[in-house]
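Asker: give me a model of this one.
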Amino acid sequence: MKPKAKQETFLLRVTKGALVPADQYTQERLRAKGYNTNDVLTATLRKDRSTGFHRLVHVFGQLCAENIDRFAGMNAHAVLKAIQYEGDIACERMMVNLKGFGMVEVRIPMSLSYESLDEGDFREIFSAMCGHVAEQYWKGLTAEQVEEMTQVMVEQAA
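Answerer: Below is the predicted model:
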């Protein structure tokens, strides 16, 4: 069975009561696909993620690596995956048959890539990660305070 081809993404702009092509390239691609005025199409809509917010999450991973012994020596990405796993945040669960142990449930952290999540889902995951760190490692802080510390680091780096 061959893998499914990735679906093409079209940039659309919201106008009053309508979605219209956001640029010339999208207009040309829609024409090339044979889409015409008044055609009815199905769509999955998502708001692209902010690059600034994506950067904030990686600074959060670095903050944890530098200040929590458990994550010492890890890069920001590895810290984010570890926090996802520990907190069971955005993890897929599956059963695996381990020889000598039988069926065991495992958690696999989902990708946080741009293609995988929209801005809203990504924000929820980041908030949950801040909450996990506050509960497990910085017990005197709230999730909001952990997020604020991260924001300060981003501002200082700029």
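
Asker: residue 28: helix or strand, and which one exactly?
Answerer: helix 24-32 (DSSP states H and E).

Asker: let me see the domain layout of this protein.
Answerer: Annotated domains of the chain cover 8-45, 51-157 [automatic domain parsing].

Asker: how far does the longest one sit from its chain's centre?
Answerer: Looking back up the chat, that one is domain 51-157. Put simply, domain 51-157 sits 10 Å off its chain's centre (CA atoms, centre = their mean, to the nearest Å).

Asker: how about the shortest one?
Answerer: In terms of CA atoms, centre = their mean, the centre of domain 8-45 is set 25 Å apart from its chain centre.

Asker: and the end-to-end length of it?
Answerer: One end of domain 8-45 to the other measures 13 Å (CA to CA, to the nearest Å).

Asker: can you give me the buried ones in it?
Answerer: 10, 12, 21, 26, 29-30 (16 or more other CB atoms under 10 Å). Backbone N, C-alpha and C define where each C-beta goes, glycine included.

Asker: tell me which residue lies nearest the centroid of this structure.
Answerer: The chain has residue 112 as the residue nearest its centroid, 3.2 Å off, counting by CA atoms, centre = their mean.

Asker: how much space between that one and residue 84?
Answerer: Using CB to CB, to the nearest Å, residue 112 is found at 8 Å from residue 84.

Asker: show me whatever sits in contact with both of these two.
Answerer: Residues touching both residue 112 and residue 84 by CB atoms under 8 Å, 6 or more residues apart in numbering: 90, 125.

Asker: quick one, helices of this structure?
Answerer: Assigned by DSSP state H, the helices in the chain fall at 24-32, 51-67, 76-87, 119-136, 143-157.

Asker: can I get those helices in CSV including distance to residue 16 and mean pLDDT?
Answerer: Shown next, in CSV, are the helices of the chain (distance: least, CB to CB, whole Å; pLDDT from 0 to 100):
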stretch, distance to residue 16, mean pLDDT
helix 24-32, 19, 89
helix 51-67, 27, 87
helix 76-87, 39, 96
helix 119-136, 22, 93
helix 143-157, 34, 86
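
Asker: reformat those helices as JSON lines; add distance to residue 44.
Answerer: Output for these, formatted as JSON lines (distance: least, CB to CB, whole Å):
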{"stretch": "helix 24-32", "distance to residue 44": "16"}
{"stretch": "helix 51-67", "distance to residue 44": "21"}
{"stretch": "helix 76-87", "distance to residue 44": "24"}
{"stretch": "helix 119-136", "distance to residue 44": "13"}
{"stretch": "helix 143-157", "distance to residue 44": "29"}
